[in-house]
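Student: Let me see the structure of the following:
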Amino acid sequence: MKKSICSKMMLLALGLTLVASPVVAEDAAKVDKPEYYSTLQTEYKLTDEQIKSMTDKGLKGNDQVRVARLASKSGKTLDEVMKMRLEQKMGWGKIAKELGVDSKEIGQAVSDANKAKHEEKKAEKAAKKAAHDAEKAEKKAAKDAEKAEKKASKDAEKAEKKMAQEAKKSEKAESKK
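Tutor: Okay, the predicted model is just below:
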């Protein structure tokens, strides 16, 4: 009895895994990219390898943006800035000061990245809405075309009946002559 239940549960789990795998794969693709991925690529011209390197070293979202901004403003490499933060355990303010970068740049980097992320989300939302609206319009157009086709068919039937009636009247009129 227990084997039967275990077997059924294993089959159920396997079935759920197969059904859910496309969704999980799609979510996994999203997870691979850091929070500010597009900002890091567009504003700071970082490669996937550079972003992966920062992620692998334990830097997340805001810290990646801070490293990129400090490297960009100071002319240092990402590795040099990361070394100051991760190996020398320096705070962001101290790193900025040592690199000769205004400490306001640290907060501004995160602020700019948040604005870009917000704009990206707005654009995604607008694109989804546009796609939804287009799909809705397409369905309405198909429904309207179907209605028009039905109306045309009914009109044709009416015209056909009317012609048949007129033909009968003509026949009666001719037969009376």
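
Student: how many other residues sit next to residue 109?
Tutor: The tally of other residues near residue 109 (other C-beta atoms under 10 Å) stands at 25. In short, each C-beta sits where N, CA and C put it, glycine included.

Student: could you say what helices and strands the helix or strand harbouring it packs with?
Tutor: Assigned by DSSP states H and E, residue 109 belongs to helix 104-176. If you count contacts as 3 or more C-beta pairs under 8 Å, 6 or more residues apart in numbering; DSSP states H and E, helix 104-176 packs onto helix 37-42, helix 61-74, helix 92-99.

Student: how far does that helix sit from the chain's center?
Tutor: The gap between where helix 104-176 is centred and where its chain is centred comes out at 25 Å by C-alpha atoms, centre = their mean, to the nearest Å.

Student: what's the angle between it and helix 61-74?
Tutor: Note on geometry: by axes from the mean of the first three to the mean of the last three C-alpha atoms, to 10 degrees, helix 104-176 and helix 61-74 are set 110 degrees apart in direction.

Student: tell me the pLDDT at residue 70?
Tutor: You'll see residue 70 listed with a pLDDT of 97.

Student: residues touching it, list them.
Tutor: By C-beta atoms under 8 Å, 6 or more residues apart in numbering, the contact set of residue 70 is 76, 81, 92, 95, 96, 99, 101, 105, 106, 109.

Student: Leaving out the residues flanking it, which one is nearest to it?
Tutor: The shortest distance from residue 70 to any non-neighbouring residue, by C-beta to C-beta, 6 or more residues apart in numbering, is to residue 81 (4.9 Å).

Student: show me what contacts that neighbour?
Tutor: Here residue 81 is in contact with 67, 70, 71, 74, 95, 99 (criterion: C-beta under 8 Å, 6+ apart).

Student: how far away is the second one from residue 83?
Tutor: Looking back up the chat, that one is residue 70. Distance, residue 70 to residue 83, by C-beta to C-beta, to the nearest Å: 12 Å.

Student: Residue 53: neighbouring residues, count only.
Tutor: The burial count for residue 53: 16, using other C-beta under 10 Å.

Student: okay, the residue lying closest to it once chain neighbours are set aside: pLDDT?
Tutor: With sequence-adjacent residues excluded and distances taken as C-beta to C-beta, 6+ apart, residue 53 is closest to residue 78, at 7.3 Å. pLDDT, residue 78: 96.
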